[in-house]
Each structure stands twice: as C-alpha cells, then as structure tokens.
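Undergrad: Give me a 3D structure for the following:
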Amino acid sequence: MSKPIEDYALIGDTHTAALVGRDGAIDWLCMPRFDSGACFAALLGDEGNGCWTLAPAGETRATRRRYRGDTLILETEFETADGVAAVIDFMPFSQQDDRVELVRIVEGRKGVVRMSTRLTIRLDYGHIVPWVTRRDDGLRAVAGPDALSLRTPVRMRGENFTSAGAFTVSAGEHVPFTLTWNPSHHHEPPPRDPLRQLAETERGWQEWSARCTYQGEWREPVMRSLITLKALTYGPTGGIVAAPTTSLPEWPGSVRNWDYRYCWLRDATFALYALITSGYTEEAKAWRDWLMRAVAGKAQEMRIMYGIAGERRLTDLELPWLAGYQDSRPVRIGNAAHTQFQLDVYGEVMDSLHLDRKRGVALGQDVWNVQQVLMEFLETAWKKPDQGIWEVRGPHRHFTYSKVMAWVAFDRAVKAVEQFGLEGRVEQWRTQRDHVRAEVLSRSFHPRRNAFVQAYDSDELDAAVLLMPLVGFIRADDPRMVATVAAIQRELLHHGFVKRYASHESADGLPPGEGAFLPCTFWLADNLVLQGRVAEARDRFQQLLEIRNDVGLLAEEYDPERARQLGNFPQAFTHICVINTAHNLSAAGGAAQRRAAH
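TA: So this is what the prediction gives:
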C-alpha cells in the first residue's frame, strides 16, 4: 500500500470498508467489523502481498473516476486504444453481521477492452495464506474463523498463491465479481444478482442522501462528507470510527502510526452538530445511544475511546511482519492511548447530552444519574494534570483545553438544573465552574505572548485553544481571543494551514515530523466567522476544500509543501469539520454560533 494516500477512494456498507486505488486496485479491506478485535485485513496491498487488481490488460490512455451521484458507489473508467470500460465498486447494504459483500462490475462502454484481474488474499493482516479451492463459478478461501467466496463468470487460475483471470468486455456488456465473507463455520451464503444489488444500493444511498436539509453554497462537499460519516458508522451500534485504517503515518517513515478504527468521545458533540444541523436525527440518536452505553460504569474508568460496540480493552500490538506504509514502522493494531486520562472527554459527554435536551429529547432519569456520577468525579479530578487533546506520551500537564472542557462540563451541569429543572448540586457546580474559569484566565493567558497558551505557565502556542470560543468559554471577539488568533496565524499558520503546535518533542514526547492537522484550520475559519471576518473565513475554507482528492475525501493531516495527504484516511473528524464550517458560513449559522451560545 504505497500509493499516495489521496489516490484512494472509500466504499463501505456501514459494517466494514475498503479503499480502492486510482488504478482500480483494492489494497485494504477489513471484514466483518472495523475494530481490530473482530476484524481481519483481507487485503493489504504490496506491503502484505495482498491486493485485488481489476484493470485493462494493456496500456491505459486515461483513467477517470467519480462517485455515482450522492452515493458511495465508485466508478473508475479506463480508456484504451480499443475502447472504454468502467469498474463499478460498491458494498451492498446489509442487516447481517455474518455476511459482508464487495461487488465489482466491469461495464463495457465503448469498443472492446481486454481486462485482467488478480486476487491475492492474505488474512490476519497479511500473516495467513488461506486454503483456496477453485470452482466453476470462482473460488472459495478458508483460514480459521474466516471464509471468502469469489463468484464470477471469469475463469480463475492459480498462480503462486494468487488467483488470476483474463477476459474481454464489449460495449453494453457487464462482467460481475462478488467477494463474500462469512464465518467459516456457517454455511456459505447463497449467490445474489450483482446488477440487482447495484440498483438497490444506489436507491438506498439516494434515499438516504435526500434527507439532507443543507441547501447552501457548499452542498456538494457537505453531502460527500455526510456520506463519508455514514460509511464510517457501524450500523448495528451507531458508533462512528475515526477512520477505517490503521498506521497510515502522520509523516512517512515516522513512528507516528496509530490505529484509528475506534470511536473517540472527543468527536461526540462535533458529530452530533454535524448530523443534527444536516437533518440526520436518527444517526445522531444512534450515536448518542452508543455514547451512553459506552460510558456506563464508574466515572473514573471512563475511556477517551471505545470499540465500535463500546469495547474498552483496545490492547496495542505491533505487527513486525509488515513493512508499513512507505516504510513507516511500527504497524499497529489497537491503541495504547485508550488508557490515557484526558479531562476534555467529560466536557464532551456533558455537552452532547446538553445538546439533546436543547433539542427537546427526553433523556430520562438514568441518563441524568450517569451525568451526576461524572460530575461528582470531576469535582476533584479537574484539578489533576492530564495527557490532553493531543494524547501526549510525555508527562501529564495542566493543558488549557482540558481545563476549558472541565468548565464546559460544570457549565452544562448547571444549565441542566437551571434550564431543564433537573435536581443536582447546582451551587457546588456553579462554584466549580467559576473557579475553573478564573484559573484558566489567570494561568493560561500569557501576558508577554499576549495569547492563550498550551498549558498553565507555558509559553507555547497550541491550536486547540481555538476551540475556547466555539464551546462558549470566551467570546471570539474578546481582545484576548482576538490576540490569540493573531498569534496563531503568525506562528502556527504555514502555507495556509494551521499546525497543532510548534515544538513536537517538548509537547508530546515523540520524535518530530507531522503534517498540518486539518481540523485546526477549520477551527481558525470558525473563529474568523465568529469575529465577523467572513471573507477571510471563506478563503480559508475554500483552501481546505481545494486539497480534497478527486472524489472529495480528506485525511487527518496535510503536507502543504509536498501537496500530499497524511494520516489515516478518510478521517471522520476532518469531514465533520467540513460540515460544521459550511454551516457556520451559511446565513442561518451553524455549530460554532449555537455551541458558543450554549
């Protein structure tokens, strides 16, 4: 998997996902679930010797690709000297956990095109070669708990532990390939009609997309981001993963390679605003229900991230047999950061539930009971240093953003009593809220720097403080915040993109080297909107939209000097920011205005 990250497109069915290269090769496929505890990598590109190529056999003059309207059906069109053929890739929607399908249909559009395909299956992250049986209608591969069936009219032959086939397609013809996963101890699922599945899948996505209520200037990027967010949702539970991939590096060759196939609490409120303001209340409810199941239990045991069903044990493992993307080692599954103490997640949970109550959702006494337990813990826990929004591997510190989100938690608890008539220790929470605010204003604003800084008594800037006005802690037009924005633009803005902070080694205990974390630049645009600098915000937003790949997708980070995307891909948080900033720039206002007004 050594192609540029932006060369990939996403397909999925809300159970699993795959990445399709610009050349028509599928290099990454996880089934049946996103989380490393229950999924396997069926294909891993050249680094794991697994791949599924499907392209013209000879020279290709031109390649074009697009999503079919507001769907997750990908069309890659190849033009050769003899004709034009398209590969249509999609995953049919399914309500079953024990069956996942990936369908590829080769459609002849002009002349006659010679095609070839090569399928190399490697299970358990490239570690296991399955036992493959050839059949008249394709092949069957089995290894341990997993079984894969390939059904196609193309005759497949074995070549050195891979399966290959060749065929021609003429204008108007369709040649289908269906790859189906099921547990190996279950009966093989019966075949289904690929063309009928295509029509049903297209209709399903069109009906889902028609529910979007955003009709503003940026409907196309908003719609593509919403579709991506839906694809990163695990349908049975409502959990939204940060990305469908692991170990795509923040900088090629570095050790900053993390597994993002988990659900971060930090994304909760941002995701809820994106979904709700765009008309997707069912998805917002499913995400909130997932959230409440995940955090249930002792407050001191709350995690910063969970598995897609709320799993808490996300043990970090390294896979030494994989070379990593462009030699970026180690390749990891699991995420050691799940054990970190991060104060901000308590604010995110409280803010998410506050948003529900503002929308008129009846949450019930059980939910309020959980919130009160969280607040009881936070009354003393907020005073502790933590590992912060950037999940530092170094010493715990009193990070500014962490304290601000502790303030958010107390503030929303107070408002639950004041605005919604719930019973609780409101006087205690008011006192704590005022104490936190006073401390942050005293210890996080650096007089000489004339800016809010990363942590108490620090002099380093941190883009996370751009969230302070977005959560209602301080007005965006407060002179201190205006000065902070100016300092960040002066020192952290490079080639139009905001870096998280200036000094990597002193901040997170890891070797330096990463791209610009894209949500930071969206937060800058949101601040500019709140300061009334709408033209500047529009320019910044447009610059972000221009770095999307050809099918509208964004990773976690970006290298503006080399014009390449970095990090796990596609990134839910980045696409959430696309949606929210588009709403913020619209006449009706969006998440920044509403959340800041709390």
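Undergrad: Give me the longest helix you can find in the chain.
TA: helix 400-420 (DSSP state H).
Undergrad: Mind giving me the packing neighbours of that helix?
TA: When contacts are defined as 3 or more Cβ pairs under 8 Å, 6 or more residues apart in numbering; DSSP states H and E, helix 400-420 sits against helix 344-358, helix 365-381, helix 426-443. C-beta here means a position set from N, CA and C on the backbone, and glycine is covered the same way.
Undergrad: try it again with 6 Å
TA: helix 344-358, helix 426-443 (3 or more Cβ pairs under 6 Å, 6 or more residues apart in numbering; DSSP states H and E).
Undergrad: Look at the spatially closest residue to Gly24 that is not a sequence neighbour and tell me its secondary structure.
TA: If the residues on either side of it in the chain are set aside, Gly24 comes closest to Ala55, at 4.3 Å by Cβ to Cβ, 6 or more residues apart in numbering. Ala55 falls in the strand class when you classify it by DSSP: H, G, I helix; E, B strand; the rest coil.
Undergrad: and Ala55, how far is that from Thr162?
TA: Using Cβ to Cβ, to the nearest Å, Ala55 is found at 15 Å from Thr162.
Undergrad: and those two? which has more neighbours close in?
TA: Ala55 (22 against 18; other Cβ atoms under 10 Å).
Undergrad: Distance from stretch 127-138 to the middle of the chain?
TA: How far stretch 127-138 lies from its chain's middle: 33 Å, per Cα atoms, centre = their mean, to the nearest Å.
Undergrad: Buried residues, it. List them.
TA: Within stretch 127-138, the residues that count as buried by 16 or more other Cβ atoms under 10 Å are Val129, Pro130, Val132, Gly138.
Undergrad: now stretch 268-280
TA: Buried residues in stretch 268-280 (16+ other Cβ under 10 Å): Ala268, Thr269, Phe270, Ala271, Leu272, Tyr273, Ala274, Leu275, Ile276, Thr277, Ser278, Tyr280.
Undergrad: ok, residues contacting that stretch?
TA: 211-214, 226, 240, 283-284, 287, 291, 348, 351-352, 355, 576, 579-580, 583, 591 (Cβ atoms under 6 Å, 6 or more residues apart in numbering).
Undergrad: can we see that at 8 Å?
TA: Contact with stretch 268-280 is made by 211-214, 222, 225-226, 229, 240, 281, 283-284, 287-288, 291, 348-349, 351-352, 355-356, 359, 572-573, 576-577, 579-580, 583, 590-591, 594-595, as judged by Cβ atoms under 8 Å, 6 or more residues apart in numbering.
Undergrad: okay, and for the protein, where does confidence drop off?
TA: 1, 31-50, 95, 503-513, 587-598 (pLDDT under 70).
Undergrad: could you redo the last one with a cut-off of 80?
TA: 1-2, 30-50, 94-98, 393, 503-513, 587-598 (pLDDT under 80).
Undergrad: re earlier: list buried residues within the contacts of stretch 268-280.
TA: Buried among those by 16+ other Cβ under 10 Å: 212, 214, 222, 225-226, 229, 240, 283-284, 287-288, 291, 348-349, 351-352, 355-356, 572-573, 576-577, 579-580, 583, 590-591, 594-595.
Undergrad: residues contacting Asp70?
TA: Applying Cβ under 8 Å, 6+ apart, the residues contacting Asp70 are Trp205, Gln206, Ser209, Ala210, Cys212, Met223, Ile227.
Undergrad: secondary structure class for it?
TA: coil.
Undergrad: For Arg357, grab the count of nearby residues.
TA: 18.
Undergrad: picking up where we left off before, which of the buried residues of stretch 127-138 sits closest to Gly158?
TA: Taking Cβ to Cβ as the measure, Val132 is the one of these closest to Gly158, at 7.0 Å.
Undergrad: Parallel or antiparallel, list what pairs with whichever strand or helix holds that closest one.
TA: Secondary-structure assignment from DSSP states H and E places Val132 in strand 131-135. Neighbouring strands of strand 131-135 in its sheet, by DSSP bridges, are strand 138-143 (antiparallel).
Undergrad: Run through the neighbouring helices and strands of the next helix-or-strand element following the strand it pairs with.
TA: Counting by DSSP H and E, the next helix or strand C-terminal to strand 138-143 is strand 146-151. Counting contacts by 3+ Cβ pairs under 8 Å, 6+ apart, strand 146-151 packs against strand 138-143, strand 174-183.
Undergrad: Mind putting the helices and strands packed on helix 400-420 into a markdown table with distance to Thr380?
TA: Below are those laid out as a markdown table (distance: least, Cβ to Cβ, whole Å):
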| stretch | distance to Thr380 |
| --- | --- |
| helix 344-358 | 12 |
| helix 426-443 | 10 |
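Undergrad: Please identify the deepest-packed of those.
TA: Neighbour counts averaged per stretch over the helices and strands packed on helix 400-420 are highest for helix 344-358, at a mean of 23; criterion: mean count of other Cβ atoms under 10 Å.
Undergrad: coming back round to it: contacts for the strand holding Val132, please.
TA: Against strand 131-135 from outside (Cβ under 8 Å, 6+ apart): Ile121, Leu139, Arg140, Ala141, Val142, Ala143, Met156, Arg157, Gly158, Ser163.
Undergrad: Narrow those to just the buried residues.
TA: Using 16+ other Cβ under 10 Å as the threshold, Ile121, Leu139, Arg140, Ala141, Ala143, Met156, Ser163 are the buried ones among these.
Undergrad: Could you double-check that the first one lies in contact with Arg140?
TA: No - in this structure Ile121 lies outside contact range of Arg140 using Cβ atoms under 8 Å: 10.8 Å.
Undergrad: so what sits against both of these two?
TA: Counting by Cβ under 8 Å, 6+ apart, the residues touching both Ile121 and Arg140 are Val132, Leu148.
Undergrad: about what we covered before: can you tell me which of the contacts of strand 131-135 is nearest Glu561?
TA: Out of these, the member with the shortest distance to Glu561 (by Cβ to Cβ) is Ile121, at 38.0 Å.
Undergrad: Please name the nearest non-neighbouring residue to that closest one.
TA: Nearest one to Ile121, counting by Cβ to Cβ, 6+ apart, is Ala141 at 5.1 Å.
Undergrad: The one you found: what's it in contact with?
TA: By Cβ under 8 Å, 6+ apart, Ala141 lies in contact with Ile121, Pro130, Trp131, Val132, Thr133, Ala147, Leu148, Ser149, Leu150.
Undergrad: rerun that using 10 Å as the cut-off
TA: 42, 119, 121, 123, 129-133, 147-150, 163, 179, 181, 184 (Cβ atoms under 10 Å, 6 or more residues apart in numbering).
Undergrad: Test of understanding: give the bridge partners of the spatially closest residue to Tyr8 that is not a sequence neighbour.
TA: Among residues not flanking Tyr8 along the chain, Leu19 sits closest, at 4.2 Å (Cβ to Cβ, 6+ apart). Here Leu19 sits in beta bridges with Leu10, Trp28, going by DSSP bridges.
Undergrad: measure Leu19 to Ile88 for me?
TA: In terms of Cβ to Cβ, Leu19 sits 16 Å off from Ile88.
Undergrad: If you count surrounding residues, which of those two has more?
TA: For the pair Leu19 and Ile88, the greater number of neighbours falls to Leu19 (27 against 21), based on other Cβ under 10 Å.
Undergrad: Show the contacting residues for that one.
TA: 1, 3, 5, 7-12, 25-30, 43, 45, 244-245, 248, 553, 569-570.
Undergrad: now, which of those lie within strands?
TA: Secondary structure from DSSP state E places Tyr8, Ala9, Leu10, Ile11, Gly12, Ile26, Asp27, Trp28, Leu29, Cys30, Leu43 of the contacts of Leu19 in strands.
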